[in-house]
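>>> Pasted the sequence and its predicted model underneath.
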Number of protein chains: 2
Amino acid sequence: MDRELHLKLTVRLYADDDTRCFGPGIATLLHRVEEHRSLRAAAASMGMAYSKAWRIIRTAEAVFDRKLLDSTIGGRHGGGAVLTEDAQRLLAAYDRYRADLEAYAQSRFRDAFGDFGAVSPEQSTGRGGSTPSRG
Amino acid sequence: MDRELHLKLTVRLYADDDTRCFGPGIATLLHRVEEHRSLRAAAASMGMAYSKAWRIIRTAEAVFDRKLLDSTIGGRHGGGAVLTEDAQRLLAAYDRYRADLEAYAQSRFRDAFGDFGAVSPEQSTGRGGSTPSRG
């Protein structure tokens, strides 16, 4: 069977009142802030409107009741933003959790969907027809 | 801490060429077909255009190379649709897989996000302040 199925998992966090407060979008945004040290540049690098980036950060800050960005004032480029320690911990927690679920999901994927074309990661990499495995 | 975080997991299946072929939308649609014995009625019950429902089914049928719906001809309402055996198995596999991931994810949720307001399912149900547990 040549067909291969692939899995995409999305992990989102919501507050009591169903406000979406964390997910792949803000995770990427925070990583880009780390990289660019500016919310405006981070948003631009994702093709996201600055106003939207701002709203996403504000919403999460309200739900978690913590500051996520620290403004940096002055400097060559006239000020930017860096992640607070809370934001770094939250982002790391999300990334770890996501990777944990992903690993679990992948480990069960072939059992669940093997009949429908899912292959295990081992089969998926280095498939070589009748070529014997190395060693 | 009164704030509670909730998790929403989305599980989607893609084909080699990145065609989305299975996820929450088609799963609900197939369940509704089981219920209404008609694709048109199933789509309507979800506020989904019939043309979209049809396209979703066709796309999945092409990826899995199996028929998912059997037309029923005649009868009081002039024909409808039922799930093929393959569709029933695929839907059951997806539902089981999703429930398995959800259970795993919930079991790790508090460890991952307890510092940020996540409570375990046990804490979440029947929280009664200082009320002692029954028994």
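Looks like it arrived, so ask away.
>>> which ones are touching A:Arg40?
With contact taken as CB atoms under 8 Å, 6 or more residues apart in numbering or on different chains, A:Arg40 is in contact with A:Tyr50, A:Ala53, A:Gly80. C-beta: built from backbone N, CA, C; applies to glycine.
>>> where's the spatially most central residue of chain A relative to B:Ile56, distance?
Among the residues of chain A, the one closest to the centroid is A:Pro24, at 4.0 Å (CA atoms, centre = their mean). From A:Pro24 over to B:Ile56 the distance is 23 Å, taken as CB to CB, to the nearest Å.
>>> same deal with A:Ala43?
With distances taken as CB to CB, A:Ala43 is found 33 Å from B:Ile56.
>>> do the same with A:Asp95
Applying CB to CB, one obtains 32 Å for the distance of A:Asp95 from B:Ile56.
>>> Comparing those two, which residue is more hemmed in?
Each of A:Asp95 and B:Ile56 has its neighbours counted (other CB atoms under 10 Å in any protein chain shown); B:Ile56 has more, 22 against 13.
>>> The nearest residue in space to the more buried one that is not next to it in sequence in helix, strand or coil?
Counting by CB to CB, 6 or more residues apart in numbering or on different chains, the nearest residue to B:Ile56 once its immediate chain neighbours are dropped is B:Ile26, at 5.1 Å. In terms of secondary structure, B:Ile26 is helix; the call rests on DSSP: H, G, I helix; E, B strand; the rest coil.
>>> Let's see the pLDDT reported for B:Ile26.
At B:Ile26, the predicted lDDT confidence score is 98.
>>> What helices and strands are in contact with the longest helix belonging to chain A?
Among all segments of chain A classified by DSSP state H, the helix with the greatest residue count is helix A:85-113. Counting contacts by 3 or more CB pairs under 8 Å, 6 or more residues apart in numbering or on different chains; DSSP states H and E, helix A:85-113 is packed against strand A:5-15, helix A:24-36, strand B:5-15, helix B:85-113.
>>> Between these, which one is closest to A:Asp65.
strand A:5-15 (10.5 Å; CB to CB).
>>> Determine how far the next helix or strand after that closest one lies from the middle of the whole chain.
Downstream of strand A:5-15, the next assigned helix or strand under DSSP states H and E is strand A:20-22. Strand A:20-22 sits 12 Å away from the centroid of its parent chain (CA atoms, centre = their mean, to the nearest Å).
>>> in its sheet, what does strand A:20-22 sit against?
Taking DSSP bridges as the criterion, strand A:20-22 forms sheet pairs with strand A:5-15 (antiparallel).
>>> A:Ala41 - how many residues pack around it?
When neighbours are counted by other CB under 10 Å, A:Ala41 registers 16.
>>> meant to ask about A:His36
Using other CB under 10 Å as the criterion, A:His36 is surrounded by 17 other residues.
>>> again, but for A:Glu35
Other residues within reach of A:Glu35 by the criterion other CB under 10 Å amount to 11.
>>> My guess is it contacts A:Ala42. True?
Yes. Under the criterion of CB atoms under 8 Å, A:Glu35 is in contact with A:Ala42, at a separation of 7.3 Å.
>>> circling back to that earlier point, show me what contacts the residue nearest to B:Ile56?
B:Ile26 is in contact with B:Ile56, B:Ile57, B:Ala60, counting by CB under 8 Å, 6+ apart.
>>> so what's A:Pro24 closest to, chain neighbours aside?
Excluding its sequence neighbours, the residue lying closest to A:Pro24 (CB to CB, 6+ apart) is A:Thr10, at 6.3 Å.
>>> And the one you found, how far from A:Phe113?
Taking CB to CB as the measure, A:Thr10 and A:Phe113 are separated by 18 Å.
>>> One more: A:Leu7?
Counting by CB to CB, the separation of A:Leu7 from A:Phe113 is 9 Å.
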